[in-house]
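Asker: Pasting the sequence and the predicted coordinates here, then a few questions.
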Amino acid sequence: MNDGVNGVALTVFIIFFLAVTVVGFMAARWRKAENEHSLDEWGLGGRSFGTWVTWFLLGGDLYTAYTFVAVPAAIYAAGAAGFFAVPYTILVYPLIFTFLPRLWSVSHKHGYVTTSDFVRGRFGSKGLSLAVAVTGILATMPYIALQLVGIQAVLDVMGVGGGENTNWFVKDLPLLIAFGVLAAYTYSSGLRAPALIAFVKDTLIYIVIAVAIIYIPIKLGGFDEVFGAASEKYTAAKAGALVPAEAGQWTYATLALGSALALFMYPHSITATLSSRSREVIRRNTTILPLYSLMLGLLALLGFMAIAAGVKVTNPQLAIPQLFEDMFPSWFAGVAFAAIGIGALVPAAIMSIAAANLFTRNIYKDFLKPDATPAQETKVSKLVSLLVKVGALIFVLTMDKTVAINFQLLGGIWILQTFPALVGGLFTRWFHRWALLAGWAVGMLYGTLAAYGVASPTQKHFGGSAKEIPGIGEIGYIGLTAFVLNVVVTVVLTFVLKALKAPDGVDETVASDYTADAGDPGVAVELPPATAGAGH
């Protein structure tokens, strides 16, 4: 790793960063509505985005800077087991094709802004809605922190901030500036800012990966050399492999399946989805989003290339930024670093908006101020979005990075436990609200305790997300095991509670709500006149 500052790369990075900052603030004027003081406008972009805007927004939301850094870092450290991210992003799209259009329709019909809004309306339960909201906020916070970790990794490789002995303020000043800019334009422009910036972010990432997948192997002597070097390293270290070992296949499969089920339970995924202007936009996006999975597969190969290039880092998260620093001319390394840095800003903005919307609609309005006006909701959501980002920043600056990663592992386990209430509720009203709440509690408790008991060579607790599956004896993803327990408890208690004729809550939806489109009569949320009929 270079000791000095890479001036050329840093200059290119700053130019791109300034450009997206301008775009972020200009976004406030993009598709400006007559009434800006509502969560529909600030938190969902007026529910007006067409196919391409939604595609870039969802891509920018799901394929984050941490994905850019962590997936090839997993390959670099552990071999092909890290490729689980590729099949899970393939599995997820047929899955969401079945339920996201239904969620969009019922949300558009009733003006739902969050998944908890839907759960409350479907099951008539503020308690279940609160459980979903709190889970979403808890799972999102460390996710935002990891985006800041991605920016920090790039800054470290560029030599910005000095060494470990540098004054903490000087060392973290670049990250503080990036955070301040992110907070300012998110507060000002809401979801419109990451929607516009996503165009820049995704274009840069596609360019960087296309160049890297051709240029780096040529410099290293071809893919034969790349895979050969990786195989030698794994054999010598007796850790990792080019092909997952048979003993790890259950872990690989359950982690891929569990991650696929969990991905669109995250609040930021739903926020980006509900910003679309029609259910047809959602259906189109589920068919073209797999293009990002192709990109992800190529991205993962960079982990093998880092090994072949002789990259030596104590923290695997620095492997890919260091590979770019070593292999690319300084100016293009700056472009690559900008892609990662901007790749952190887009999802961090959407995540903070999603968490703020959950707090405002399902905690503040439901429990603290039921008579809150749309303007008051918007104001509270803006303030909470700032607090969420401040919390993530404190998390990054004061805690060891492994803590953030541990909490992110827990976040995936936790958010999966909201699947029965959300996806189940989109197709049936059979589940009892109290049974769903009990199943959620059991899944959360088991998942947390099981993850706490996993040790690694460097950690006594929360050392991974896989553990022996009770009754099977194979090692599998804790989140999926917790989910199965959740479903079993929910089904059994539903039978019991229905037999006891326990009060079932009021369903404010009807069957036709789940197939309604924006132009249908009686749809509560209409598009602003300025955006109606706009092109994709």
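Answerer: It's in.

Asker: SS state for Thr481?
Answerer: Secondary structure, DSSP: H, G, I helix; E, B strand; the rest coil: Thr481 is helix.

Asker: how about the nearest residue to it, chain neighbours excluded?
Answerer: Nearest residue to Thr481, sequence neighbours excluded (Cβ to Cβ, 6 or more residues apart in numbering): Ile469, at 5.3 Å. (C-beta placed from N, C-alpha, C; glycine too.)

Asker: quick one: contacts for the one you found?
Answerer: For Ile469, the residues meeting the contact criterion (Cβ atoms under 8 Å, 6 or more residues apart in numbering) are Trp250, Thr254, Ile475, Gly476, Thr481.

Asker: Adding distance to Glu280 and neighbour count, write those residues out as TSV.
Answerer: Written out in TSV, the entries for those read as follows (distance: Cβ to Cβ, whole Å; neighbours: other Cβ atoms under 10 Å):
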residue	distance to Glu280	neighbour count
Trp250	39	18
Thr254	34	22
Ile475	42	18
Gly476	37	24
Thr481	37	24
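
Asker: now, which of those residues sits nearest Val22?
Answerer: Of all the contacts of Ile469, Thr254 has the smallest distance to Val22: 44.8 Å, by Cβ to Cβ.

Asker: After the helix or strand where that closest one lies, which helix or strand is next? Please name it.
Answerer: Counting by DSSP states H and E, the secondary-structure element that holds Thr254 is helix 249-263. Next along the chain after helix 249-263, taking DSSP H and E as the criterion, comes helix 267-274.

Asker: Buried residues in that following helix, which are they?
Answerer: Using 16 or more other Cβ atoms under 10 Å as the test for burial, helix 267-274 gives Pro267, His268, Ser269, Ile270, Thr271, Ala272, Thr273, Leu274.

Asker: Equivalent analysis for stretch 172-191, please.
Answerer: Of all the residues in stretch 172-191, those buried under the rule 16+ other Cβ under 10 Å are 172-175, 178-179, 181-183, 185-191.

Asker: and if you look at stretch 211-226?
Answerer: Residues of stretch 211-226 classed as buried by neighbour count (16+ other Cβ under 10 Å): Ala212, Ile213, Ile216, Pro217, Leu220, Val226.

Asker: Which single one of the residues you listed is nearest to Pro142?
Answerer: Top of the list for closeness to Pro142, among the buried residues of stretch 211-226 and by Cβ to Cβ, is Ala212 at 28.1 Å.

Asker: Looks like that closest one contacts Leu302 (just checking).
Answerer: Yes. Proximity of Ala212 to Leu302 meets the contact threshold set by Cβ atoms under 8 Å, at 6.3 Å.

Asker: For the stretch 151-300 of the chain, give me the ranges with low pLDDT.
Answerer: Low-confidence segments of the stretch 151-300 of the chain, defined by pLDDT under 70, span residues 161-171, 239-240.

Asker: tell me which of the buried residues of stretch 172-191 is nearest to Ala77?
Answerer: Comparing these against Ala77 with Cβ to Cβ picks out Leu175 as the nearest, at 24.2 Å.

Asker: how about the nearest residue to that closest one, chain neighbours excluded?
Answerer: Nearest in space to Leu175, with sequence neighbours left out and distances taken as Cβ to Cβ, 6+ apart, is Gln152 at 5.6 Å.

Asker: picking up where we left off before, what's the helix holding Thr254 packed up against?
Answerer: Other elements packing on helix 249-263 under the criterion 3 or more Cβ pairs under 8 Å, 6 or more residues apart in numbering; DSSP states H and E are helix 85-110, helix 401-416, strand 466-468, strand 475-477, helix 478-499.

Asker: cutoff 7 Å now
Answerer: Other helices and strands packing on helix 249-263, by 3 or more Cβ pairs under 7 Å, 6 or more residues apart in numbering; DSSP states H and E, are helix 85-110, helix 401-416, strand 475-477, helix 478-499.

Asker: which parts of the last one are buried?
Answerer: Neighbour-count burial for helix 478-499, with 16+ other Cβ under 10 Å as criterion, is recorded at 478-487, 489-491, 493-494, 497.

Asker: mind listing the helices for the stretch 51-200 of the chain?
Answerer: 51-62, 65-78, 85-110, 115-123, 126-157, 168-189, 192-220 (DSSP state H, counting those that start in this stretch).

Asker: Quick one: these as TSV, columns for distance to Met327 too.
Answerer: Shown next, in TSV, are the helices of the stretch 51-200 of the chain (distance: least, Cβ to Cβ, whole Å):
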stretch	distance to Met327
helix 51-62	25
helix 65-78	13
helix 85-110	23
helix 115-123	42
helix 126-157	12
helix 168-189	23
helix 192-220	5
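
Asker: Comparing these, which comes out most buried?
Answerer: Most buried of the helices of the stretch 51-200 of the chain, by mean neighbour count (mean count of other Cβ atoms under 10 Å): helix 115-123, with a mean of 26.
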